[in-house]
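J.: Based on what follows, work out the 3D shape:
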Amino acid sequence: MPRTDSAPPCPERARRRRGRDVLDRLVPAGVGLAAGLLALGPALGPGYVLRYDMVFVPDAPLTDAALGGGEGFPRAVPSDAVVALLGMALPGDLVQKLLLLTVFTLGAAGAARLVPREWPLPRAAAALGYVWNPFLAERLLLGQWALLLGYAGLPWVLDAAARYRRTRDVPRLLASLLPAAVGGFSSAVLSGLVALPAAVVRRGRRAAAAAAAAGCLAVAALPWLLPALASGATTDPAAVDLFAARADTPLGTVASLLSLGGIWNAQAVPPGFAEPVGAAGRLLLSLAALAGWGWLLARRPRPAHAAGLTVAAALGLAVALAGTVEPGRAVLRALIGLWPGFGPLRDGHLYLAPLALLQAVGLAGAVRWLGRPAARRGSAAPSRAAGALSGACALLAPLVLLPGLAWGAWGTLRPVEYPREWTRVQQLVNTDPEEGALLSLPWSAYRGFPLGGGEVTVVLDPATKMFDRPVVWNDALRVRDGDRVRVVAGEDPLARRVAPLMGADAMPHGTADLAQRLAQAGVRYVLVDRANLPEGVGADLAGPGLEAVHDGPLLLLLKVTEEYVAAA
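T.: A predicted model of the protein is given here:
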């Protein structure tokens with residue numbers, strides 16, 4: 001008679017297994033958190049880090065525009081709304097730091113998830129490689145924190161799409177898209193670039209997986225998609241030439257892209273990035289990561305996400321390369337002219353995100369491969385130690401080859417406090433119950449904001465985030481192209497209606513009937529940032545129909561008087 005009893009499970013062994021499982025989950029997140037602390041450094045101090053598109057303000061209001069109610073393209077929807085909601089419970093500068101650290105922690109944990117759990121050192125390599133690379137560094141220096149939040153969610157999206165089997169997997173797929181939902185349209189585009197190929201090229205139930213991925217992406221995109229379809233925003237096809245990827249190393253454009261660089265804005269390149277030795281080292285590291293990815297593809301069983309990520313990375317690289325040659329740029333211009341929804345294709349560097357994920361996992365494969373020969377020989381300890389040392393060197397290579405990301409990009413990212421004038425003006429405007437927009441001057445999208453010590457950082461006009469009413473600002477972009485500055489037409493219809501009032505000095509001309517024309521456009525307040533104007537410019541704005549509500553050394557706040565508002 002066969003025995004039916006079995007040995008009881010060992011509680012100590014089960015406890016150790018649970019401990020290892022917890023450690024396997026925590027170590028990659030810890031690697032990401034440590035990388036975030038090292039990368040941000042001084043940026044984690046008190047105050048707000050202001051840099052290009054990264055604009056956080058005190059007491060950010062939950063505005064109609066943050067919820068998609070503006071006339072322009074909803075680029076900051078719903079990220080501005082999320083920041084405002086979090087700001088109701090936490091100080092605004094703390095919200096900013098938590099979101100930035102989330103990018104590093106979530107991204108590292110997700111990349112490690114794509115590597116077998118029994119490979120601890122390769123998992124750490126994938127975690128570090130995904131959050132310490134030129135793509136993340138350059139996008140961070142552009143201030144695109146919301147995009148990077150979606151970037152951090154890409155490994156989770158890939159894993160959920162590749163593992164989709166049946167309807168009960170939909171909640172996991174939706175949860176993986178939460179960072180993209182917060183990040184907005186660019187994050188959703190990248191998530192679609194990863195999720196759809198992963199669903200289509202998988203084995204079995206392809207149609208069901210693709211439909212589930214498309215449906216979940218549509219749900220995640222609803223906060224910005226609906227207002228985008230309803231807006232009258234347009235996209236300038238000429239932007240393709242200005243936002244195309246370009247060489248940011250001595251090795252040329254293709255090598256820069258393969259190394260995950262190639263950003264269009266020279267001011268977003270990390271310090272020391274163009275040094276030939278470092279550039280060559282990063283290219284070699286990328287080639288080693290691609291070789292490691294090839295080794296992973298050749299193994300059996302092949303990872304479930306392998307084919308989908310390969311396709312996504314190839315498509316993304318193709319979009320980036322298209323903007324580097326005139327035939328490709330012509331196609332992109334034609335597409336954008338046909339439908340403004342193709343506008344996101346103008347920024348080719350953006351689409352390197354799947355390649356960054358592929359290289360991070362490929363780096364894990366390279367680290368694993370470096371340790372295998374010694375293990376196979378089963379020989380002396382020195383051989384095993386040599387394999388471990390080689391793997392550790394490959395793991396730390398991203399840090400060594402990209403030192404310009406460390407410590408807030410060598411102090412480039414550091415916090416500042418808003419002058420009290422800003423919060424005073426914010427209070428005056430936000431406590432006024434009367435409706436009407438605020439016109440922000442000078443008529444330019446970006447401002448020079450003082451960092452102290454005579455240094456200035458370039459940042460999107462903070463007025464766009466500070467006031468609980470529509471803000472009319474110049475959303476046209478001025479981009480330096482060689483020796484000249486070219487202008488990309490703005491997207492906001494209201495801004496286009498106000499633009500004819502502005503003169504060559506980015507201030508209104510023909511002030512005799514200015515108050516009446518502003519009132520007709522629905523403007524109640526005019527805010528003049530004197531710190532960004534030559535001395536004396538704008539002093540003559542106060543006059544008939546425009547009453548000075550605040551007149552300080554940094555800011556001048558004017559209010560359209562009641563008779564003009566009533567007449568409008």
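
J.: Show me which positions of stretch 415-434 end up buried.
T.: Residues of stretch 415-434 classed as buried: 415-416, 418-419, 421-422, 425-426, 429, 432 (neighbour count, 16 or more other CB atoms under 10 Å). Bear in mind the C-beta positions are built from the backbone N, C-alpha and C, glycine included.

J.: Check the gap between Ala504 and Ala542 for me.
T.: Ala504 is 21 Å from Ala542, where distance means CB to CB, to the nearest Å.

J.: How many neighbouring residues does Pro301 have?
T.: Using other CB atoms under 10 Å, Pro301 has 6 other residues around it.

J.: Check Tyr52 too.
T.: 18.

J.: for the residue nearest to it when sequence neighbours are not counted, phi and psi?
T.: Using CB to CB, 6 or more residues apart in numbering and skipping the chain neighbours, the partner closest in space to Tyr52 is Gly143 (3.8 Å). With angles defined as degrees, to the nearest 10, Gly143 sits at phi 80, psi 20.

J.: Repeat that for Trp119.
T.: Main-chain torsions, Trp119, degrees, to the nearest 10: phi -110, psi 80.

J.: for this protein, what spans make up the strands?
T.: Listed in chain order, the strands of the chain (DSSP state E) span 437-441, 446-452, 455-460, 471-472, 477-481, 484-488, 523-529, 546-551, 555-560.

J.: how about a markdown table for those strands, with mean neighbour count, distance to Glu118 and mean pLDDT added?
T.: As requested, the strands of the chain are exported to a markdown table (neighbours: other CB atoms under 10 Å; distance: least, CB to CB, whole Å; pLDDT from 0 to 100):
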| stretch | mean neighbour count | distance to Glu118 | mean pLDDT |
| --- | --- | --- | --- |
| strand 437-441 | 24 | 56 | 96 |
| strand 446-452 | 15 | 47 | 90 |
| strand 455-460 | 16 | 46 | 94 |
| strand 471-472 | 25 | 54 | 95 |
| strand 477-481 | 14 | 49 | 75 |
| strand 484-488 | 13 | 50 | 76 |
| strand 523-529 | 24 | 57 | 95 |
| strand 546-551 | 16 | 64 | 93 |
| strand 555-560 | 22 | 60 | 95 |
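
J.: Now tabulate the ones you listed in a markdown table and tack on distance to Gly30.
T.: As requested, these are exported to a markdown table (distance: least, CB to CB, whole Å):
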| stretch | distance to Gly30 |
| --- | --- |
| strand 437-441 | 43 |
| strand 446-452 | 32 |
| strand 455-460 | 31 |
| strand 471-472 | 41 |
| strand 477-481 | 39 |
| strand 484-488 | 42 |
| strand 523-529 | 42 |
| strand 546-551 | 48 |
| strand 555-560 | 44 |
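
J.: circling back: who touches the residue nearest to Tyr52 in this structure?
T.: 50-55, 459-460 (CB atoms under 8 Å, 6 or more residues apart in numbering).

J.: Then Gly69?
T.: 63, 227.

J.: hmm, back to that, Ala504 and Ala542: which has the busier surroundings?
T.: More crowded of Ala504 and Ala542, by other CB under 10 Å: Ala542, with 18 against 6.

J.: The closest residue in space to the more buried one that isn't next to it in sequence and Ala244: what is the separation?
T.: Here the nearest residue to Ala542 in space, its sequence neighbours aside, is Ala548; by CB to CB, 6+ apart that works out to 4.6 Å. Distance of Ala548 to Ala244, given as CB to CB: 45 Å.

J.: same deal with Gly348?
T.: On the measure of CB to CB, Gly348 and Ala244 end up 6 Å apart.

J.: neighbours of Pro227, just the number please.
T.: 22.

J.: Tabulate the contacts of Gly143 (CSV), appending distance to Gly107.
T.: Shown next, in CSV, are the contacts of Gly143 (distance: CB to CB, whole Å):
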residue, distance to Gly107
Leu50, 23
Arg51, 19
Tyr52, 20
Asp53, 19
Met54, 17
Val55, 22
Val459, 24
Leu460, 24
